[in-house]
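Student: Got a sequence here, can you build the structure:
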Amino acid sequence: MLPTVAEVLALPAMRRGAPQVVAGSNGLTKSVRWAHSAELSDIAHLLRGGELLMTTGIALPSDDTELAGYANGLASVGVSGLVVELGRRWRSALPPALVDACDHAGLPLITLSREAAFVTITQAVGELVVDSQLEELRTTERVHETFTELSVAGAGISEILAEVARLSGLPVILESIKHQVLGYDAAHEPARELLAEWAKRSRAVESTERTTYHQPEGWLVTIVGARGDNWGRLVLVSPEPPPRRHLVLLERAASTLALHRLLARDRESLERQTHRTLLAALSTSTPPDADVVDRCADAGVPLHARKLIGLAVLPHAGDAAPPATLTAQELVRDLAEATAGAARTSRVAALVAVTSDNVVGCLLSLSPTDDDRALVDSFAADIHRAAIELPRGLPVLVAAGTPVDGAGMAWRTLTEARQVASAAGRTSANRSCHRLHDVHLRGLLHVMIDDERLTAFTERELAALNTHDNKHGGTLLASLRTFVDHGGNKTAAAAASHLSRPAYYERLARIERILNVDLSDPETVTSLHVAILAQEILGRQL
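Tutor: As a prediction, this is how the structure comes out:
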C-alpha cells in the first residue's frame, strides 16, 4: 500500500523543513506515488497523478486568478499534495488566493519554514514507496500461499470465509446471485445486525465491475464464479474505503470459492455416475447380480435386509415456460447434487443420479424398523429447501414409490415413483411428497400405461369424437373434458366454458349423437372421464 501524505510529512527529511499544513487537511490520507520538485507554473500537464509536488514558488504567478488556476490544475490531474518552501518567493505566508484554492480543491498545501533538501526528500519518499510496494507484494504472496493451501486441503466454505475475516479483521458474507446468504463470518460483530434485511440491502448494491466498492453501504463486493458461470458474490463489510490488500484478499478468496465449487462438482459427478450405473441395474425387473448389490453396499447404500423406497425428483415450475435445453440439463444436474446434499443432511443412505432428461432418481435404503413415511417426508422437505437455495432455484416435485423388501424388487418402487411423479405433475395438490394414493385414478392409469388394453379402450371410447374434431376443427372433446371434470354438472360446466346454457347443452347433445351415448348415465360419464385421462397420459408418452 502506498504511503499517505501524512506519512510522508512524518519522514525525518521532511521534518527538517518544519512542515505545516495550511490548506486541504482533509486530503492528508491521499496516497503518494512519488515526490517531484519543479519550478514551473504550467507543470500540471506533465504529471500523472499521485505526486507530492515540491517548489520554492519562484516561478509561480503573482495574479490571484492565475494562482488559483495553478492549484486547480494540480488537483485536476490528481496530485497528492503541494509543498512550498518559504523564504525565496514568499517569506512567511502564502497568498490567500493559493491557500483558498487548495482548500476548496481538497489539495493538501504544506509550507516549509526552514530550508530543506528536495533531493533528500525525494529519495526518502522513493524508499518509503518501494518498501510499501515490497510489503504489499509480500502480503499478496502470503494471501496466495494461504488460499492455495486451503484449496489443496479441500477446505470448505466456512474455513475460507474464516480466513478472510482473520486476515482482514472485517466481516465477510458469501451470497448467491439471488441474494441468499450461503455463508458468513461476522468477525466478532453481531451476526443479527450484520445480516438484517440482507436480501433487500444486497439488491440495492449493483456490481458494475467484477470488484467494486459501494460507499453508501460500506461493502467491497466481488463476483464469485468460473467458466462464465457467476453463481454468487463475496462481500467484505468495510466502512472505510478498503486498501489494495483487501481487494487482493477478496478476489483471491473468490477464486478459491469458485475452485472449491468446481472441485466439489467434479467429485460429486463421479459419485453421480456411479449411482446412475447402479440405479440403471436396479431399475430392470431382472434380479440384479450379486456384484451390483455388493457395489451398492460399498457405496454406503446396503440393500440386503433393508426397506427400499424409490423417489423421483423433478423441476416443477408450474405454468412457467420450460428453460432452454442446456439450462434444463444444468438445472437437473444441480438438482441431483442438491438431492444428494439433502440425503447427507438427513443422514439417509441413498443412491442419487439423473435418470432421464428432467428427472433425478433416488433409491432410499432404510432399516426395516424405521418409520418410512416420516423419514421420506422429512427427506422430501430437505430436498425442497436445498432446491430453492440453488443459484437457479426452482420449485420441485418429489414422488415416492411404495416400500419394497430386497434388491430384486427395487425396480418396482423406482418405476412407481416415476409414474406417480408423472401423474402428480397434472394435479394442483401442494404436497411435500406425492404417493400413489395421492394421485388416485390418474396414478392407476400411469401404472397401466404400457398395457395395450388401455390404448384399445381409449380409442374405442373417443375415436369418433377425435375424428369429428380433426375433420371439422372442432372443440367438442374440450367441452366433454369440462363436463366430466365437473362431475356431469351441466350448469357448472357451461359456466366454466363461458357459454350460455342453451349453447353448451347443444354441444353435449351433439357429443351424445357422435358417440352414441347417454351423458345422463353416471357409468357412461365415468367411462368417458377415464378415457380422456388415459388419452392425455398416452399422448404425453408418445
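
Student: remind me, longest helix of the chain?
Tutor: Longest helix in the chain, counting residues (DSSP state H): helix 244-282.

Student: where's it relative to the chain centroid, distance-wise?
Tutor: 14 Å (CA atoms, centre = their mean, to the nearest Å).

Student: Pull out the buried residues from it.
Tutor: 245-246, 248-261, 268, 271-272, 274-276, 278-279, 281-282 (16 or more other CB atoms under 10 Å). The way it works is simple: take the backbone N, C-alpha and C, and place the C-beta from them, glycine included.

Student: averaged over its residues, what pLDDT does it have?
Tutor: Average pLDDT, helix 244-282: 82.

Student: cool, stretch 211-220 as well?
Tutor: 91.

Student: Tabulate the CA atom coordinates of that stretch in PDB.
Tutor: Extracted in PDB, the C-alpha atoms of stretch 211-220 (Å, rounded to 0.1, in the frame of the first residue of the first chain):
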ATOM      1  CA  THR A 211     -14.900  -6.000  -8.000                       C
ATOM      2  CA  THR A 212     -16.500  -2.700  -6.700                       C
ATOM      3  CA  TYR A 213     -16.700  -0.700  -3.600                       C
ATOM      4  CA  HIS A 214     -20.200   0.600  -2.600                       C
ATOM      5  CA  GLN A 215     -19.600   3.600  -0.400                       C
ATOM      6  CA  PRO A 216     -23.200   4.100   0.900                       C
ATOM      7  CA  GLU A 217     -23.400   0.500   2.300                       C
ATOM      8  CA  GLY A 218     -19.700   0.200   3.000                       C
ATOM      9  CA  TRP A 219     -19.300  -3.000   1.000                       C
ATOM     10  CA  LEU A 220     -16.400  -4.300  -1.000                       C
END
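
Student: Can you list the buried residues in it?
Tutor: Across stretch 211-220, burial judged by 16+ other CB under 10 Å covers T211, Y213, H214, E217, W219, L220.

Student: The last one sits in which helix or strand?
Tutor: Following DSSP states H and E, one finds L220 within strand 219-226.

Student: how about JSON lines for the buried residues of stretch 211-220, with distance to T286 added?
Tutor: Converted to JSON lines, those look like this (distance: CB to CB, whole Å):
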{"residue": "T211", "distance to T286": "57"}
{"residue": "Y213", "distance to T286": "63"}
{"residue": "H214", "distance to T286": "61"}
{"residue": "E217", "distance to T286": "61"}
{"residue": "W219", "distance to T286": "59"}
{"residue": "L220", "distance to T286": "59"}
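
Student: Name the nearest of those residues relative to E337.
Tutor: E337 lies nearest to T211 out of the buried residues of stretch 211-220, by CB to CB, at 27.9 Å.

Student: Counting neighbours, what do you get for the closest residue to that closest one other than its chain neighbours?
Tutor: Ranked by CB to CB, 6 or more residues apart in numbering and with sequence neighbours excluded, the top spatial neighbour of T211 is T222, at 4.2 Å. Number of residues near T222 (other CB atoms under 10 Å) recorded here: 23.

Student: Ok, L137 next?
Tutor: Neighbour tally, L137, other CB under 10 Å: 10.

Student: List the buried residues in the helix or strand where it lies.
Tutor: Using DSSP H and E, L137 sits in helix 118-152. Residues of helix 118-152 classed as buried: 118, 121-122, 124-125, 128-129, 132, 136, 139, 143, 146-147, 150-151 (neighbour count, 16+ other CB under 10 Å).

Student: Could you look up the next helix or strand downstream of the lowest-mean-pLDDT helix or strand in the chain?
Tutor: Here the helix or strand of the chain ranked lowest by mean pLDDT, DSSP states H and E is helix 436-447, holding a mean of 67. Per DSSP H and E, the first helix or strand lying C-terminal to helix 436-447 is helix 452-472.
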